[in-house]
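In: okay, predicted coordinates and the sequence, questions at the end:
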Amino acid sequence: EAGVTQFPSHSVIEKGQTVTLRCDPISGHDNLYWYRRVMGKEIKFLLHFVKESKQDESGMPNNRFLAERTGGTYSTLKVQPAELEDSGVYFCASSRERLAGISYNEQFFGPGTRLTVL
Amino acid sequence: AQKITQTQPGMFVQEKEAVTLDCTYDTSDQSYGLFWYKQPSSGEMIFLIYQGSYDEQNATEGRYSLNFQKARKSANLVISASQLGDSAMYFCAMREGEGGYNKLIFGAGTRLAVHP
């Protein structure tokens, strides 16, 4: 079974440009999460999809960030226009629907996309 | 506010010895879950161990065990018989509430170096 994949692994862009990050979750996982780690700080939640619907987007920093998950498969996170403070590592995670009798639902993480805004 | 605190930015341990990585948490929920993830230099986040707030026994997974002290709100990770491959960043995280749909709240992480 393939794990969560993210593309690109690295992206270097200039302030004001647009970048789109992609996440392919594990096949069959309805839940898809985006997290971000800014240099030296905690990993912070951005948003959560259940299939194609946004379940929780309370962590999205501002309207320069747009996440989509058309068809409930892969997801994209677009930053437009990028600012210096957007630099960091963006992680995607996925989990299956919680099964009865199972006490927790492990989130499987991708390797992350390192975004550098100059 | 929900919060995870990892007070050790860096730790080192001799190969084959045990090491404890500290994690304290703050939540007003009665139902929550605590996770530990390992992030090696390759970047991926690897799930290690889980402890539910209602679990009476401390969780164990191979060489990993979780020292859960609910009254003190601590969930320390114990790695026994350290190996060179254990050198990595370790994150403590909390999920609040029931269900598998909840976001994780992470600590700042502890970088562990295992010396030969």
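Out: All right, it came through fine.

In: C-alpha only now, for contacts and for neighbours.
Out: Noted.

In: indicate the residue of chain A located nearest to chain B.
Out: residue A:111 (4.0 Å; Cα to the nearest Cα).

In: around chain B, pick out the residues from chain A.
Out: Taking Cα under 8 Å from any Cα of the partner chain as the contact definition, chain A meets chain B at A:31, A:33, A:40-45, A:48, A:95, A:97-98, A:103-112.

In: so residue B:14 is in contact with residue B:116, correct?
Out: Yes. In this structure, residue B:14 is within contact of residue B:116 by Cα atoms under 8 Å, at 6.1 Å.

In: and these two? Which one has more around it.
Out: residue B:14 (15 against 10; other Cα atoms under 10 Å in any protein chain shown).

In: count the residues that sit near the closest residue to that one other than its chain neighbours.
Out: Counting by Cα to Cα, 6 or more residues apart in numbering or on different chains, residue B:115 is the residue found nearest to residue B:14 once chain neighbours are left out, at 4.8 Å. Other residues near residue B:115 come to 13 when the count uses other Cα under 10 Å.

In: show the contacting residues for residue B:115.
Out: Residue B:115 sits next to B:12-15, B:84 when contact means Cα atoms under 8 Å, 6 or more residues apart in numbering or on different chains.

In: could you do residue B:8 as well?
Out: B:21-22, B:109-110.

In: let's see 6 Å
Out: residue B:110 (Cα atoms under 6 Å, 6 or more residues apart in numbering or on different chains).

In: where does it sit: helix, strand or coil?
Out: Recorded secondary structure, residue B:8: coil (DSSP: H, G, I helix; E, B strand; the rest coil).
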